[in-house]
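Q: sequence first, predicted model second:
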2 protein chains.
Amino acid sequence: MELWFTEKYSPNSGITIKVKQELAHVKSKYQEMSVIDTYEFGKIMVLDGFIMFTDKDEFIYHEMITHVPLFSHENPENVLLIGGGDGGAVREVLKHNSVRSVELVEIDKMVVDASKEFFPQVSVGFSDKRFKLHIEDGIKFVKESKDKYDVVIVDSTDPIGPAVGLYQRDFYKNIYDILNDDGILVVQGESPYYTDTKKAFVNLNRELKAVFPFTRPYFAFIPTYPSGMWSLAYARKDGKEIKGPIRKKDFDTKYYNEEIHKASFAHPEFVKELLK
Amino acid sequence: MELWFTEKYSPNSGITIKVKQELAHVKSKYQEMSVIDTYEFGKIMVLDGFIMFTDKDEFIYHEMITHVPLFSHENPENVLLIGGGDGGAVREVLKHNSVRSVELVEIDKMVVDASKEFFPQVSVGFSDKRFKLHIEDGIKFVKESKDKYDVVIVDSTDPIGPAVGLYQRDFYKNIYDILNDDGILVVQGESPYYTDTKKAFVNLNRELKAVFPFTRPYFAFIPTYPSGMWSLAYARKDGKEIKGPIRKKDFDTKYYNEEIHKASFAHPEFVKELLK
């Protein structure tokens, strides 16, 4: 039997991937998760039918969602991650020697457990002394937190189901409040290409702009996300228009570098139109 | 009946697209062509099973393969295109007022005819007075040509079948010879992501480097090409390391702009490794 997994990018298109075997299929009260082993991409975590990450290219997303904000900050010490219970972003944040504390707020313990079991190279940071896990609703957490952070990263799923509130203005206001004065927020930013992700891309950038004095999406090639043209939204509390690194990288990466950091902020003409 | 077209990106993955109807299916002595009408991407030209371009995103490829070399040249007057019988690159080249002549060498008249019939907005430049069509083998043409060009663009299919010779050193040497001293070559450059295209990407950049004193691939997001991370290879006869525009854009585009031009030359770390 040939087993193929297809993720629809729109009602009439998608990516299709030959599966060796399904390693896990579980439901939590928030979502449905599969872990599949594939020939082309290695293991893949799938939530509610959408690819979260693959062994083959998770490095791109996880490097770009972390190193861009962290290298845009003079001295990031305290980092908060909302979502991203797989730990890929944690692993990258911990590469920065300035970082003293990484807190991860994940609503769904199932994601953390699956990552530990099936993706040890992604969840490797969970055993670090600087790491602290909160199994909790991120929206509630940022509303109630009394701590301050240098960088907040929202590593969320698409704006459906449990993640809807992670795309709303009140949530961004609460993050603004828990950031230090020179703090930076980065949000998983969707794609400007297909209808649904385009709507999400436009909305979230509009909402962010209503709260932060400087915001700008940046882009990375992520082959296993719809269209491969994926964005991350960057927002600075101090309003400084910093679109490049201000510190030098002193560890290995496979995608990120200073040149890519700067280049990722360039916007094609059709993107400029969407953001007007 | 639901009709779906699937293009394999590797033996175990691909893109799948719902088809309204197949508008044409013809064979020439070089290749097999289908024109399909789809819900998501509009009409698509498919050669030997591979998407050449779609109504929805052809602007990205055609703008990036033309405006990068043309805006990197002080005064491009004579432009030669090898392949690209659809005319999309011709349309973009003709937007430059400095251009006096655009010659297109296409081996397969079938492609030109299909573009005129099904893609009038792509082939629109064919009626321009500055345009000249040669139905001829591009390899032979560049070997025998006595003319000189400011910019040569190789807008070829993948390195299989009729296009194999378009990825070989002798071909690039012959192009070197017909370029003016400050001439620029750009070649459709494949993707560094999937195994087959990665091999082609590495090989063609190595071959180009053996002939031209300055070469560098640049990148664009092309959602309907494998991985969405597509490259174009840029080579300068004068050896100048120019990686940005040297003239101002004075017409409308939907993807290309000066910022994108510069940014497209940034290489992720794994690409640098491949090019070592």
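A: Perfect, I can see it now.
Q: what segments of chain A are strands?
A: A:3-10, A:13-27, A:32-38, A:42-47, A:50-54, A:78-83, A:101-106, A:131-135, A:149-155, A:179-188, A:214-221, A:229-236 (DSSP state E).
Q: near chain B at all, the fifth one?
A: Think strand A:50-54. No - judged by Cβ under 8 Å from any Cβ of the partner chain, strand A:50-54 and chain B are separated, with a smallest distance of 10.2 Å. Placement of C-beta: from N, CA and C, glycine included.
Q: mind checking pLDDT for the residue of the stretch 51-200 of chain A found nearest chain B?
A: Minimum separation of the stretch 51-200 of chain A from chain B (Cβ to the nearest Cβ) falls at residue A:193, amounting to 5.4 Å. pLDDT recorded at residue A:193 is 97.
Q: same check on the one 4 residues further on?
A: In this prediction, residue A:197 carries a pLDDT score of 94.
Q: with the one 5 residues further on instead?
A: Among the per-residue scores, residue A:202 holds a pLDDT of 96.
Q: and what of residue A:114?
A: 98.
Q: for it, give its distance to residue A:266.
A: Using Cβ to Cβ, to the nearest Å, residue A:114 is found at 36 Å from residue A:266.
Q: tell me which of those two has more neighbours.
A: residue A:114 (24 against 19; other Cβ atoms under 10 Å in any protein chain shown).
Q: what's around the spatially closest residue to residue A:68 that is not a sequence neighbour, how many residues?
A: Distances taken as Cβ to Cβ, 6 or more residues apart in numbering or on different chains place residue A:261 nearest to residue A:68, at 5.8 Å, with adjacent residues excluded. With neighbours defined by other Cβ under 10 Å, the count for residue A:261 comes to 20.
Q: now do residue A:26
A: 12.
Q: so how far is residue A:62 from the nearest residue to it once chain neighbours are set aside?
A: Nearest residue to residue A:26, sequence neighbours excluded (Cβ to Cβ, 6+ apart): residue A:33, at 5.5 Å. Per Cβ to Cβ, residue A:33 is found 18 Å from residue A:62.
Q: so which of the two has more stuff around it?
A: Neighbours per residue, other Cβ under 10 Å: of residue A:33 and residue A:62, the larger number sits with residue A:62, 25 against 20.
Q: still on that earlier bit, would a markdown table of the strands of chain A with mean pLDDT be doable?
A: As requested, these are exported to a markdown table (pLDDT from 0 to 100):
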| stretch | mean pLDDT |
| --- | --- |
| strand A:3-10 | 97 |
| strand A:13-27 | 98 |
| strand A:32-38 | 98 |
| strand A:42-47 | 98 |
| strand A:50-54 | 97 |
| strand A:78-83 | 98 |
| strand A:101-106 | 98 |
| strand A:131-135 | 98 |
| strand A:149-155 | 98 |
| strand A:179-188 | 98 |
| strand A:214-221 | 98 |
| strand A:229-236 | 98 |
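Q: for those, which one sits closest to residue B:202?
A: Closest to residue B:202 of those, according to Cβ to Cβ: strand A:214-221, at 17.3 Å.
Q: neighbours around the residue in the stretch 101-250 of chain A that chain B sits nearest to, how many?
A: Per Cβ to the nearest Cβ, residue A:228 is where the stretch 101-250 of chain A lies closest to chain B, at 2.0 Å. Around residue A:228 there are 26 other residues, counting by other Cβ under 10 Å.
Q: now do residue A:172
A: Neighbour tally, residue A:172, other Cβ under 10 Å: 26.
Q: now swap in residue A:100 and tell me
A: Residues near residue A:100, counting by other Cβ under 10 Å, number 12.
Q: for the residue lying closest to it once chain neighbours are set aside, which residues are in contact?
A: In space, and not counting its chain neighbours, residue A:100 is closest to residue A:77: 4.7 Å by Cβ to Cβ, 6+ apart. Applying Cβ atoms under 8 Å, 6 or more residues apart in numbering or on different chains to residue A:77 gives the contacts A:98-101, A:150.
Q: and those, which two are furthest apart?
A: It's A:98 and A:101 that sit farthest apart of these, by Cβ to Cβ, at 11.0 Å.
Q: so between those two, which is more surrounded?
A: Ranked by neighbour count (other Cβ under 10 Å), residue A:98 and residue A:101 place residue A:101 first, with 16 against 13.
Q: dig out what that one forms beta bridges with.
A: Judged by DSSP bridges, the bridge partners of residue A:101 are residue A:78.
Q: wouldn't residue A:154 be in contact with residue A:188 here?
A: Yes - between residue A:154 and residue A:188 there is a contact at 6.2 Å, judged by Cβ atoms under 8 Å.
Q: residues from the stretch 101-250 of chain A in reach of chain B?
A: Contact residues (Cβ under 8 Å from any Cβ) of the stretch 101-250 of chain A with chain B: A:193-194, A:219, A:221, A:223, A:227-229.
Q: possible to save those as a markdown table with distance to residue A:159?
A: Listed next are these as a markdown table, based on distance: Cβ to Cβ, whole Å:
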| residue | distance to residue A:159 |
| --- | --- |
| A:193 | 16 |
| A:194 | 14 |
| A:219 | 19 |
| A:221 | 22 |
| A:223 | 22 |
| A:227 | 17 |
| A:228 | 20 |
| A:229 | 18 |
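Q: just the closest of these to residue B:127, please.
A: Of those, the one sitting nearest to residue B:127 (Cβ to Cβ) turns out to be residue A:193, at 31.5 Å.
Q: just give me the neighbour total for that closest one.
A: Residue A:193 has 25 neighbours, counted by other Cβ under 10 Å.
Q: give me the nearest residue to it, chain neighbours excluded.
A: Using Cβ to Cβ, 6+ apart, the closest residue to residue A:193 is residue A:227 (3.7 Å).
Q: what number of residues lie near the one you found?
A: Applying other Cβ under 10 Å, we find 22 residues neighbouring residue A:227.
Q: thought it was touching residue A:191?
A: Yes - the criterion here is Cβ under 8 Å, and residue A:227 meets it with residue A:191 at 5.0 Å.
Q: now for the two: what residues contact both?
A: Residues touching both residue A:227 and residue A:191 (Cβ under 8 Å, 6+ apart) are residue A:197.
Q: now residue A:50: how far from chain B?
A: Noted for residue A:50: a distance of 16 Å to chain B, by Cβ to the nearest Cβ, to the nearest Å.
Q: correct me, but residue A:57 touches residue A:41?
A: Yes - counting by Cβ under 8 Å, residue A:41 is a contact partner of residue A:57 at 7.3 Å.
Q: find the residues that touch each one of these two.
A: With Cβ under 8 Å, 6+ apart, residue A:57 and residue A:41 have common neighbours residue A:224.
Q: pop the domain breakdown of chain A in here.
A: A:3-54, A:58-275 (automatic domain parsing).
Q: pick the most buried one from the ones you listed.
A: Greatest average neighbour count among the domains of chain A goes to domain A:58-275 (a mean of 20), per mean count of other Cβ atoms under 10 Å in any protein chain shown.
Q: how long is it end to end?
A: For domain A:58-275, the first-to-last residue distance is 27 Å (Cα to Cα, to the nearest Å).
Q: returning to that earlier point: okay, the contacts of residue A:77 in JSON lines with distance to residue A:240 next?
A: Listed next are those as JSON lines, based on distance: Cβ to Cβ, whole Å:
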{"residue": "A:98", "distance to residue A:240": "18"}
{"residue": "A:99", "distance to residue A:240": "21"}
{"residue": "A:100", "distance to residue A:240": "23"}
{"residue": "A:101", "distance to residue A:240": "24"}
{"residue": "A:150", "distance to residue A:240": "14"}
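Q: now the helices for the stretch 101-250 of chain A?
A: Ranges of helices within the stretch 101-250 of chain A are A:109-118, A:138-144, A:169-178, A:195-211, based on DSSP state H, counting those that start in this stretch.
Q: and the last one with strand A:214-221, angle?
A: Calculated by axes from the mean of the first three to the mean of the last three Cα atoms, to 10 degrees, helix A:195-211 forms an angle of 150 degrees with strand A:214-221.
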